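Asker: Provided below for reference: sequence and predicted model.
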Amino acid sequence: MEKEAEIQLARDLMAGQPEAFDRFVEHFRAKIFQYSWLMCGHREDAEEVSQETLLRVFENFNQLRQPERVRAWVLRIAKNFCLMKRRRSQFAPTQELSLDEYMPALDRDGGHVKLQIADWSSLPEDRMLRAELRRILDQAIARLPDTYRSVILLRDVEDLSTEETAQVLDLSVDVIKTRLHRARLAIRQEVDRYLKTKEGSARASRN
Amino acid sequence: MPHGTEECKQIFATLSEYLDLELAPDACRQMEAHLAGCPPCVEFAESLRKTVALCHEYQAGEMPGPISQSARARLVEAWQRAVAGNKPSGD
């Protein structure tokens, strides 16, 4: 669902229109579940966070002053419930990602300089992610330290603005930008490894 | 400009801001001037752009189970109570 449709649903709900209710619940329940599953790591926790978040959202629906920010508002509530879950179960160790480890090495062949990265032109850009590639992304996202994972989920997967992401996570815009860039680099590196493996096996099958 | 210079490192550090159109105009001009003469940086930027596109399309394999009638009923009740309290008077 596009953001515009989502905002309209929020407006309809504020006006008390019952036909918007189930669409809103279905849409946001899936979103909250995805975010909390990827943040908490447990299906039961994600189910609970989805219900607790939606309940809090509806209890406070009259406080949603800006329907155009409904996605950020809902995800902020979900984030807070996720934090409570995490305190109760395990607390994943946090770790800083450094830029240097993601700068690709170079092949210098005479005067010709080539990056040691895979051929990304083989990557399909269509909307349907192949199952294999999705698994790679699942793993790459799961491997990120929490502090980076939350940023890339909100900013790139959920398409919040940098400013909205900063508000949801109570961080400065600069911190969001730094973490987002490193999280993207880490994911890029994992996809790159996957593409290289594919290139390697394609070469092997030709030989 | 041979790749691997200090400028490449600087470019590398701000690529996401460039892709997100959040780079200040001066830095953006510097980035574009650099990219115009540095094919490896262009190749890397392109792979990062595709990474962002993949994240935009990403959906986790797990989906929530269907909502129970009692859970739905609690949500409806909360929503109706909130909206009833929100009606402007005299409307």
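Answerer: Great, that's in hand. Numbers count the residues shown, from 1 in each chain, chains lettered A, B, ... in the order given.

Asker: And the helices in the chain?
Answerer: Defaulting to chain A. Along chain A, counting by DSSP state H, helices occupy A:3-14, A:21-40, A:43-59, A:70-88, A:131-143, A:146-152, A:162-169, A:173-206.

Asker: My question was about chain B, not that one.
Answerer: Going by DSSP H, chain B shows helices at B:6-13, B:15-19, B:25-36, B:39-57, B:69-84.

Asker: which residues does residue A:79 contact?
Answerer: A:35, A:39, A:150, A:168-169 (C-beta atoms under 8 Å, 6 or more residues apart in numbering or on different chains). Just so you know, the C-beta spots here come from the backbone N, C-alpha and C atoms, and that holds for glycine as well.

Asker: Could you do residue B:51 as well?
Answerer: Counted by C-beta under 8 Å, 6+ apart, residue B:51 has contacts A:184, A:187-188, A:191.

Asker: ok so, going back, ok, the contacts of residue A:79 vs chain B, which is closest?
Answerer: Closest approach to chain B among those (C-beta to the nearest C-beta): residue A:35, at 9.0 Å.

Asker: Distance check, the residue nearest the centre of chain A against chain B.
Answerer: By C-alpha atoms, centre = their mean, chain A has its centre lying nearest to residue A:153, at 1.7 Å. Look at residue A:153 and chain B: by C-beta to the nearest C-beta, to the nearest Å, they are 9 Å apart.

Asker: likewise residue A:179?
Answerer: From residue A:179 to chain B the distance is 10 Å (C-beta to the nearest C-beta).

Asker: Near that residue, how many other residues are there?
Answerer: The local packing of residue A:179 (other C-beta atoms under 10 Å in any protein chain shown) involves 24 other residues.

Asker: what's the answer for the one 10 residues further on, then?
Answerer: When counting by other C-beta under 10 Å, one arrives at 17 neighbours for residue A:189.

Asker: Could you list which residues are in contact with residue A:97?
Answerer: Contacts of residue A:97 (C-beta under 8 Å, 6+ apart): A:144-145, A:148, A:182-183, A:185-186.

Asker: top of those by neighbour count?
Answerer: residue A:183 (27 neighbours).

Asker: Can you give me the distance of that residue to chain B?
Answerer: Counting by C-beta to the nearest C-beta, the separation of residue A:183 from chain B is 9 Å.

Asker: now do residue A:8
Answerer: Taking C-beta to the nearest C-beta as the measure, residue A:8 falls 16 Å from chain B.

Asker: If I look at that residue, what pLDDT would I see?
Answerer: Residue-level confidence at residue A:8 comes out at 94, pLDDT.

Asker: how near is it to residue A:14?
Answerer: Relative to residue A:14, residue A:8 is positioned 11 Å away (C-beta to C-beta, to the nearest Å).

Asker: neighbour count winner among these two?
Answerer: residue A:14 (19 against 15).

Asker: which residues touch that one?
Answerer: For residue A:14, counting by C-beta under 8 Å, 6+ apart, the contacting residues are A:61-62, A:64, A:67, B:83, B:86.

Asker: Out of the residues you listed, who's the most crowded?
Answerer: Within the contacts of residue A:14, most neighbours by other C-beta under 10 Å means residue A:61, with 23 neighbours.

Asker: isn't that one right up against residue A:13?
Answerer: Yes - between residue A:61 and residue A:13 there is a contact under C-beta atoms under 8 Å: 6.4 Å.
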